[in-house]
Structure formats: C-alpha cells, structure tokens
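J.: Sequence plus the predicted model coming up.
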Number of protein chains: 2
Amino acid sequence: MSAEIICVGTELLLGDILNSNAYFLAQQLASLGIPHYYQTVVGDNPERLKQVIEIALQRSQILIFTGGLGPTPDDLTTEAIADFFGVPLLENPEIIEDIARKYAQRGRQMTPSNRKQALMPNGASILPNPGGTAPGIIWQPRPGLTILTFPGVPSEMQGMWQETAVPYLKSQGWGKEIIKSRMLRFWGIAESALAEKVAPFLNLPNPTVAPYAEFGEVRLRISARAESDSQALGLIEPVAQQLQQIAGLDYYGSDTDTLASVVGQLLQAEGETLSVAESCTGGGLGQMITSIAGSSSYFLGGVISYDNSVKISLLGVNPEDLSQFGAVSDVVATAMAVGVRSRLSTTWGLSITGIAGPGGGTDAKPVGLVYIGLAGPNNIGSSFKYQLGQTQERDSIRYASACNALDLLRRKLLTR
Amino acid sequence: MSAEIICVGTELLLGDILNSNAYFLAQQLASLGIPHYYQTVVGDNPERLKQVIEIALQRSQILIFTGGLGPTPDDLTTEAIADFFGVPLLENPEIIEDIARKYAQRGRQMTPSNRKQALMPNGASILPNPGGTAPGIIWQPRPGLTILTFPGVPSEMQGMWQETAVPYLKSQGWGKEIIKSRMLRFWGIAESALAEKVAPFLNLPNPTVAPYAEFGEVRLRISARAESDSQALGLIEPVAQQLQQIAGLDYYGSDTDTLASVVGQLLQAEGETLSVAESCTGGGLGQMITSIAGSSSYFLGGVISYDNSVKISLLGVNPEDLSQFGAVSDVVATAMAVGVRSRLSTTWGLSITGIAGPGGGTDAKPVGLVYIGLAGPNNIGSSFKYQLGQTQERDSIRYASACNALDLLRRKLLTR
C-alpha cells in the first residue's frame, strides 16, 4: 500500500514555480505513515499524463494529483484521468451551483468556461474546494486504486487536503500508523566521520537513522514508525541519547535548535552577556545571534570593524599589531574580542577576522583563512585559527565563520 | 530529444526539503531550449531507482540525476546507474587526490568512506565539483543516451551545472534555439500596482513578460525565444527600457543586481563611503552590504547597537532622547545615523531601529514599526518611518528593514 504524488503543470517544467505542493503532500503522507516512494511531474499534455497514470498504477495504490483543474483549455487533468479509464464525464449540478454562488459573492458572472470545472468522471465523488472554484475528485475507478485530485493553488490544495482528504484516508483505514522524526544537529565534524562513528545505527530498521549535511552542519534524522506518538518517542529517545553520547560535544541540538539559540540558552542560564566584533562577516554573526527572539536579554551589540580604522577607533586594536601581523591574525582577532568585551562591558566578547574572498588571498593567508577571537570573564583573550575550503563561495565562508564562532563559544560555555 | 530530471533522496519523499534542484534545473533547461517533459523523485532505494531509469530512458535522451553522491551507505545513485547498465565501478585516482586535497585544506583527514565518492562507471567522465567532495559523472552508456549526475547540495549542483554541464550540452549541439531572459528588479512598489502599470506588456508573445514577487521585491522576467543571443537581446532590450521608464525609481536593477550591489556602485562612482548603525537588524544590514565582494572600498563598518547602552556609548545617542522618545523613534534613528557617520568619518551614515517582534509591540508602536535614519555630507540627519506588516515573521521584518534602508540610500544617491 503506497501513494504516489503526480503534479501536473507546464509551469513546473519551465521552472516558473517551486513544487511546494509535492513538499506539503510528502510531509502529510509521512505524518500519516502512508508510504510514498515516487513523485512525478508532467506538463499539461493529455497523452503524457495518461502514460504517467499507466506507470503509476503499476506501483502505487493511491494516486494524488495536483494541478490542471482550472477553467482554461490547458487544464485537463480530470479529462485525461476519465479518458484513461474509459469513463464518461458528467456535469455535476452541485458544482455548477457552488461555482455560481461563489461568483455571485464576488459580484461576478459565472463564465461558460467555468462549466468545465463541473465535469466529473461518472462514479467519482466531489472533493470540495472551499477556497476556490475548482473542486477535486475522490474516485476508485477500480478496486484497490484510489485517485484524489487537487487544484495547483497551494492554499486551496492544502485546505482541501486537511478538511476532506485526511478524514477520507483515515476512514479507509490508512494513516493508522504514524511516523515521528527527530533531527539531531552536529557542528565541527564531517558527515563521513560522523557516519563512521555511528555506522551500526544507520542500518536500524525502526527507528531508522539517516545522515544529512548542508552548509557545514551535519544532521542525523531519526524516524520511528509506530501506532502512537508516545510509542514513536519511546523508540526515538534511547537511540537519540546513544547518538548524542557517541558524538559528544559535536552534537549541539535537535529539531529547531540553532547554534545561536543554543548559545543563547547557555548564556541566559548563567545570566551572562555577549558582544561581537566582526570583520569579514560584516554583521552576519550579530544577525545570526539576533535572529533569536529575546536575544536582547544576553546580546548587547557589537562593532562591525570592516575597515582597519574602525578596529583601531572603536575596538582599540593596536595600529602596530595591524601593520606587523595584518588584520587577519591571531593577535588582532584576540585584540578585537578583548576590545569589544571591555567597551560594551559584557561577560563574553567574540570576534571574527578572515579572508572571505574571492580576492585578497595570498600563499601565506589564503582565502578561507579565518581567526576567531574569544575574551571571557577573566578578561584573557584567545584566538583560534580556521582554514575553510579555499574553493568555497564568499557567502559560505562568511556563514561558516559565524557558525564556527558560535560553536567555539558554545564549547567554551559547556567545558569551562 | 528531451531531458528528464531525476531527483534521488528519501528526504524529498519525507518532505524534509523543497525540491529546489528540480526548480533550478527546469529553469536552466528552459533557458537552453532543451525540451523537458518529466521530473521524477525517488528515494534512496537501488531497486526503485533502477526502475525509474528503465522508464526514463524509454522517453528521454538526457537523464539528469541529483542526489545520492555522498559518502554514506544510503548514497547509491552512481552504483545503481552502473549496475543498471551492467558496467563495473572503478576507483578514479584523480578524484581520490582531489578529495584528499580538499580535506587537507580544511585540516581534516580523508576517511575510508570518502573513497566511495571516487567510484565511477567504467567509461564515464568526471563532472568536477569545485564546491564539495562529491563529483558527478558525464556518461553515454549507450548511443543517444546521456547521463549527468550531481550531488543534492544545491550550491554545489548549481556550480557544476554552470561550469561544466552547460558547456558540455552546448558542445553536443543541444540548446540550439535558445531562450534568453532578463529579470528586472523593483523595490518600493506592490506587485499588483506594477502589474497594472505595465499591463499591456504582460500579453506580449515574444518576448514574454511575467511578474513575480518575493520578500518584498517585485520582478518582471522578460523571456525571448530566438536563434542567437544577440537576436534574443534585440527582442529584450527595447521592452526592458520601456518597462524601466514606466517604473521610474522603483526599478533598481536587473538579473544579478541586488540593492546592496547597486548602492555600492553608486557610492564607488562618487568615491564616497558608508557606515551603519543597527538595532533590530542586529548586523543584517552590514552583512547585506558586505555580501558584495570589494565592498571594503566604500563600506567602513558600523555599530550593532542592540542594547540602548551601546546606542549611548558608541553612537552618542542622548540618554534623555532614549527615555523620552524610546529607542524606536524618529529622534533616535536620526541620532544613530549622525553618530555612526561622525565616529567612523564616512560620507553617509545609515541607521535602523525598529520592532521586529514577535514580542515588544504596543498599540502606539506595533510590531513592524521601523525607523530608518540617514546622515549625509551636509551632516544633517533625517529619519523615515515604515510600518511593515504586523503579521510578518521576525526574519522577514528584519530583512525588509535592511532592504528599505538600502533602497532609501539608493533613492537619495540618485536624486540629490
């Protein structure tokens, strides 16, 4: 028993729109525990659509269509489906009435092309569309095969899904089993290295554990199949704890946690405050920290010392150090952190200076070289050197620099 | 001759991520004029992937795969493809070397599981991945069938597509009739208002003009179908000029232009400099400005005055003004701009203070209320009031605030 999502629309093939309908339906099917192994996108072409149906019903028992229910000639999903199964289309008076009423409400006249939206395969039921004029259908053209159609407009499709499709699927005995997931988040370890550390877990049947990596962050997704939330959590919890233990400090949080939110919680717990001094990130670290609502309780602010003159005037960096060691150096990173901490009178001062590229790199100081400075309660500053990938984009070097700064502070707060 | 996009990844079936890769590739194929009638999504399952290949090669001649090239056991796209065509996988020493070098750059050890990423079907060529460790392949397993594989990480996939895949496809004679597009970018006008202003253009056959709106920015995409770039440009240019003229100052740039890049060009042209003072954006404005390589020639830095104490100590805002008018006020916004400009001795000082929410709003000062201050050569500061949507997310209010600040300066630089 599995479902297949079939999105109909030439605009998807032309890249005019993101396929957010497939994204929404995939999440919904997962949370209902309805297996779903394939998604297909096809244009507004009846022949190709029928070929797609032919393929889909050989491998799936629930076919979920989005798109092609509109009033215009290129909206042909319903016709193509009826034609494929050799069933005639009948005009449904209920729908005509509903469309006429909706147009009246908007002070408009129903147009002849709207009658097209009232055509349904003989034997299909209406999947009502409160939000728009185009209803969908719920149809079992043959035993063991269920067809659901939705318009392409995401808001209408989602409303119809929640209000009618979900209750229907449950009434049919589907969606009994649920899938619950937890995302564990890691920083400072490569996907391959983490995958090796937790190798045995990657073959678990239930819950399953799958690694992902993006923008320097590595994630492990724990997914449990069960009959209740509590049962699923009971499967997830022990595995999550073991994985966290194995990863140690490289694990920083789960689900909606971010490095910024975790650092914020640690500071708040101690009633401590933070300030930042940024060169190559130009404000990106501060923005990351203040993306957390309530960050004003521990984040006072900072200095964007993009130009050396600002490092001197607002952070008190020694001009000789700048000329002797350069702006991207251990000495300057430390001085920036100490400077911003004392000027803003915070518990912690965090600084970033580096070469984000694409220009400005040398053999001695290549693109991706970043120093992160940290000054703490004892007012002793220290700095840490990072060499990020020289081939990385300017943006990803800047992003990774800010994340590494937060991660550095996080580890310090956890291990002092 | 048509292409098919096959996205491999259980995370797509679980609804963990939007399929932005299919979106990008669809746009690219359209712009190359390569027909594309089907997209398929399948999970990390070799048997199903092979079934998908079997179906695809009956209807498409170019198969474009994304995802499943990583180092972990569930990354199996390459193996499945080779296995389907009964061709052995060979370890490619070039790739091993490349991966080892990239790891060394990041001060990391290459792990055994990375060797997996160096396996290629016998006879396939490397599709280099400058941004990551996982390369793709370009392979003609049989006459008239071309296979391209990419990793799932969008930034890597897009780089590989632009640098290697596009030149390869053109060298093979595909993409003869080309579609060329230009994206015109607007700020400070609603999509509906702009659409009405340019209504007649929205029905043009060639070039076509289509409106888009995202994150407060409105765009008009002009797409021309022609046999050569110059012919397409000849169709686009006059339409672009008329649209820009109609939109006036609301038009700010095209294609890869951003508000930050446009402001940067205007400052550079005059040899002027800029500094920022940020409260609710917490560094987001500085980050936006410094996202432009070379911004150091006009951007000196700024102050993240998230806490009022910093507004006083580093920007010289009058404490009485803060208590009398509040941090989110015309007076304070102006003082912040004047303060940062004089302390950093820049031509312009730009400031933002507002209520990003979700908390902190009052009837008098609701969430979304933002003041943007500007101080210029005459050292006279002024401030402008914005009421952004109260229902908007914290992030989008912060983003729109930074964009509005840049747009304000842009209009000032163009009209002084």
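T.: In hand now; what should we look at?
J.: And the contacts of stretch A:83-94?
T.: A:46, A:50, A:53-54, A:78-79, A:82, A:115, A:118-123, A:126, A:141-142 (CB atoms under 8 Å, 6 or more residues apart in numbering or on different chains). Every residue, glycine included, has its C-beta placed from N, CA and C.
J.: Endpoints of that stretch, how far apart?
T.: 22 Å (CA to CA, to the nearest Å).
J.: Then stretch A:144-159?
T.: End-to-end distance for stretch A:144-159: 26 Å, by CA to CA.
J.: Could you pull out the buried residues of it?
T.: Buried residues in stretch A:144-159, counted by 16 or more other CB atoms under 10 Å in any protein chain shown: A:146-154, A:156-159.
J.: repeat for stretch A:234-253
T.: A:Leu235, A:Ile236, A:Val239, A:Ala240, A:Leu243, A:Gln244, A:Ala247, A:Asp250, A:Tyr251, A:Tyr252, A:Gly253.
J.: same check, this time on stretch A:269-281
T.: A:Thr273, A:Leu274, A:Ser275, A:Val276, A:Ala277, A:Glu278, A:Ser279, A:Cys280, A:Thr281.
J.: for chain A, what helix or strand is lowest in average pLDDT?
T.: Ranking every helix and strand in chain A by mean pLDDT, DSSP states H and E puts helix A:112-115 at the bottom, with a mean of 79.
J.: Which neighbouring elements make contact with that one?
T.: With contacts taken as 3 or more CB pairs under 8 Å, 6 or more residues apart in numbering or on different chains; DSSP states H and E, helix A:112-115 sits against helix A:93-105.
J.: Out of the contacts of stretch A:83-94, name the ones that lie in helices.
T.: With helices defined by DSSP state H, the entries of the contacts of stretch A:83-94 inside them are A:Pro46, A:Lys50, A:Ile53, A:Glu54, A:Thr78, A:Glu79, A:Ala82, A:Arg115.
J.: Show me which pair in those residues is furthest apart.
T.: Greatest spatial distance among the ones in helices among the contacts of stretch A:83-94 (CB to CB): A:Glu54 and A:Arg115, at 29.0 Å.
J.: Have a look at these two and say which one is more surrounded.
T.: A:Arg115 (14 against 10; other CB atoms under 10 Å in any protein chain shown).
J.: my read: that one touches A:Ile96, true?
T.: Yes - with contacts counted by CB atoms under 8 Å, A:Arg115 reaches A:Ile96, the gap being 6.7 Å.
J.: hang on, the earlier thing: what is the nearest of the buried residues of stretch A:234-253 to A:Ser305?
T.: Of the buried residues of stretch A:234-253, the one sitting nearest to A:Ser305 (CB to CB) turns out to be A:Tyr252, at 27.4 Å.
J.: Could you give the bridge partners of A:Lys180?
T.: A:Ala224 (DSSP bridges).
J.: Please verify my assumption that it contacts A:Ser228.
T.: No - with contacts counted by CB under 8 Å, A:Lys180 stays clear of A:Ser228, the gap being 9.3 Å.
J.: who has more neighbours, these two?
T.: Legend: neighbour count by other CB under 10 Å for A:Lys180 and A:Ser228, higher for A:Lys180 (21 against 11).
J.: returning to that earlier point: in strands only, show me the buried residues of stretch A:269-281.
T.: When DSSP state E defines the strands, the subset of these inside them is A:Leu274, A:Ser275, A:Val276, A:Ala277, A:Glu278.
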